[in-house]
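# Build the 3D model from these lines:
(chains A and B)
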There are 2 protein chains.
Amino acid sequence: MPFKTEQKIRNFGGYLLKLSHDSDAVKGRMNINLYLPPQAENAQHETIPVLFWLSGLTCTPDNCADKGFLQPWAAKKGIAIVYPDTSPRQAKIEGDDDSWDFGTGAGFYVDATKDPWKKEYCMQTYVSKELPQQLFEEFKVLNSKRVSISGHSMGGHGALILFLKNPGKYKSVSAFAPICNPINCPWGQKAFVGYFGSVDQDTWKENDATELLGRYKGKLDVLIDVGTGDKFYKQGQLLPENFDETAAHLGIRGPHYKMRFQEEYDHSYYFVSSFAEDHIEYHSQFLF
Amino acid sequence: MPFKTEQKIRNFGGYLLKLSHDSDAVKGRMNINLYLPPQAENAQHETIPVLFWLSGLTCTPDNCADKGFLQPWAAKKGIAIVYPDTSPRQAKIEGDDDSWDFGTGAGFYVDATKDPWKKEYCMQTYVSKELPQQLFEEFKVLNSKRVSISGHSMGGHGALILFLKNPGKYKSVSAFAPICNPINCPWGQKAFVGYFGSVDQDTWKENDATELLGRYKGKLDVLIDVGTGDKFYKQGQLLPENFDETAAHLGIRGPHYKMRFQEEYDHSYYFVSSFAEDHIEYHSQFLF
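Okay, here's the model as predicted:
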């Protein structure tokens, strides 16, 4: 029984479970939110598909569960949603709280290779291996074979690289305002210098969605929304065009490949919630 | 031009406007959120119906705009939503920040009659008269003749008493976990002793939904949702049965009168958002 239920909250006919558990990958206690749709009640084993949601810089498991508005649409479709945290919280590494875009709340969904981060900052292993394993072990109604992934900003980067690095692991991927080419933007460069060091460029590329896309075998289906009023997009932190042009150049856009620019929308959850229904609809095509 | 637009945010195809303006009623600067649905763009004057939303204890105009999820349904129907603040913020009366259930963030939508509160704590006049007047003056697309009101907890109390005290002013009323009988619950008694004093029981009754219901002329239509897992309901702060029994006793329940008890739901925005669609649907029957 690895998970402790801190709160069990009725929401859209299902339950939002606030859970905590011990993680070997990040060497400490982690909080997650799990939304179980109404269909999960008295459901048979392995019947409820799962969407993993990766949040952005500074977020906890709560931000999107509170403000992203994925739950009502997931409740209608019968999809469970997993909201992990964005970094270890108990590492207490010197400097981990000094900036909002590195360290605590900014794990970037990578496995750090550099001291002092490499011991605890292994969010990639945590989110893609250990957490799902523990969840499917304990919540038998979840279907471990029907899993998709999405995320916002840093979490969009996480969703894209996990999908591209693990062919077949996820049925579908989507992202809101994702960091598409971290090795070429300030946020990504700061994080990768910190977690990988500046020398090992191979590891940088293995954690960059646009670079991974260059090596991707087969056609890519993805739904990406970016707001044209997003200040981080304008600052060149997201670089969706680099991703899109690589996909075009390689001619690997699948029939469900969609890169949408949403007029005037910003980077906030007001943007995410506005298109949450589209993304749940998109994933359901692949999950059912 | 009384309103200053602090932020104009794209949301569900419309705009969430974060506004500030000067209020004579509460003698200071007030913040409000105004959601304009997509239909408001290039709409003719007086065409967009309006729902006033009154928030609960400790809230600002942001809580429900962020977490209540009225906007997606209002966007589909073409209804604007006004989110006022819950108290004056600049009165700086000694002790106004001492407790979370009295003073700042706890105006109770009444006009205080007792010093030192009576000068600024006139939220009833602000919310029901001055604010709508200024809004309809400036936002010409809003239809001043098609206005409804709803709210949560303390704001549910506010919605009920404003509807009952002003026949014909609002097309419809609904409430989530409202304080239905403040003169008989700790929250209400503390607030009324503070704002009215303990002697003037008439004023207490004029601001109590269950008492006002006793004097109400005609049939009452209202949609009220209360979660059976709501700890404040269990503590006797809400007393919906008192309101319901009075309505039954007087035989004034209209064809659209609904008091619903929602199994296991709590007092939070997870509860409000779960039934937001029902409430918008309910109000649209009367607004269109």
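# Stretch A:145-154 near chain B at all?
No: residues of stretch A:145-154 contacting chain B under CB under 8 Å from any CB of the partner chain: none, with a closest distance of 15.1 Å. Where you see a C-beta, it was placed from the backbone N, CA and C, and this is true even at glycine.
# cool, and stretch A:65-73?
Yes: contact of stretch A:65-73 with chain B (CB under 8 Å from any CB) involves A:66-67, A:69, A:71-72.
# Just the terminal-to-terminal distance for that stretch.
Using CA to CA, to the nearest Å, one end of stretch A:65-73 lies 13 Å from the other.
# which residues touch that stretch?
When contacts are defined by CB atoms under 8 Å, 6 or more residues apart in numbering or on different chains, stretch A:65-73 is touched by residues A:11-12, A:14, A:16, A:33, A:35, A:51, A:53, A:64, A:81, A:83, A:152, A:269, A:272-273, A:276-277, A:279-281, B:66-67, B:69, B:72, B:269, B:273-274, B:277.
# 7 Å instead, please
Stretch A:65-73 is contacted by residues A:11-12, A:16, A:33, A:35, A:53, A:64, A:81, A:83, A:269, A:272-273, A:276-277, A:280, B:66-67, B:69 when judged by CB atoms under 7 Å, 6 or more residues apart in numbering or on different chains.
# mind listing what the residue nearest the centre of chain A touches?
Taking CA atoms, centre = their mean, the centroid of chain A lies closest to residue A:54, which sits 2.5 Å from it. Residue A:54 makes contacts with A:84, A:109, A:127, A:151, A:155, A:158-159, as judged by CB under 7 Å, 6+ apart.
# any chance you could map the strands in the stretch 51-200 of chain A?
For the stretch 51-200 of chain A, the strands defined by DSSP state E, counting those that start in this stretch occupy A:80-83, A:142-152, A:173-176.
# So for residue B:190, which of these sits nearest?
Residue B:190 lies closest, by CB to CB, to one member of these: strand A:80-83, at 36.9 Å.
# That closest one - contacts with which helices or strands?
For strand A:80-83, the elements it packs on are strand A:28-36, strand A:48-54, judged by 3 or more CB pairs under 7 Å, 6 or more residues apart in numbering or on different chains; DSSP states H and E.
# Comparing these, which comes out most buried?
The highest mean neighbour count among the helices and strands packed on strand A:80-83, using mean count of other CB atoms under 10 Å in any protein chain shown, belongs to strand A:48-54: a mean of 26.
# Quick check: the gap between the residue nearest to the centre of chain A and residue B:145.
47 Å (CB to CB, to the nearest Å).
# where in the stretch 151-288 of chain A is pLDDT low?
Of all residues in the stretch 151-288 of chain A, none has pLDDT under 70.
# For it, what lies in contact range of chain B?
Contact residues, the stretch 151-288 of chain A versus chain B (CB under 7 Å from any CB of the partner chain): A:229, A:264-266, A:270, A:274.
# Just the buried residues of those.
Buried by 16 or more other CB atoms under 10 Å in any protein chain shown: A:229, A:265-266, A:270, A:274, out of these.
# residues contacting the closest residue to chain B within the stretch 101-250 of chain A?
Nearest residue of the stretch 101-250 of chain A to chain B: residue A:229, at 6.6 Å (CB to the nearest CB). By CB under 7 Å, 6+ apart, the residues touching residue A:229 are A:264-266, B:10.
# And it, its phi and psi?
When read as degrees, to the nearest 10, the backbone of residue A:229 gives phi -100, psi 10.
# So it versus residue A:275, what's the distance?
Using CB to CB, residue A:229 is found at 14 Å from residue A:275.
# that older thread, between the buried ones among the residues of the stretch 151-288 of chain A next to chain B, which sits nearest residue A:196?
residue A:266 (30.4 Å).
# Return the residues in contact with the closest one.
In this structure, residue A:266 makes contact with A:227, A:229-230, B:9-10, judged by CB under 7 Å, 6+ apart.
# Next, work out how far apart the nearest residue to residue A:124 once chain neighbours are set aside and residue A:10 are.
The shortest distance from residue A:124 to any non-neighbouring residue, by CB to CB, 6 or more residues apart in numbering or on different chains, is to residue A:111 (4.6 Å). Using CB to CB, residue A:111 is found at 37 Å from residue A:10.
# And residue A:2, by the same measure?
With CB to CB as the criterion, residue A:2 and residue A:10 are 24 Å apart.
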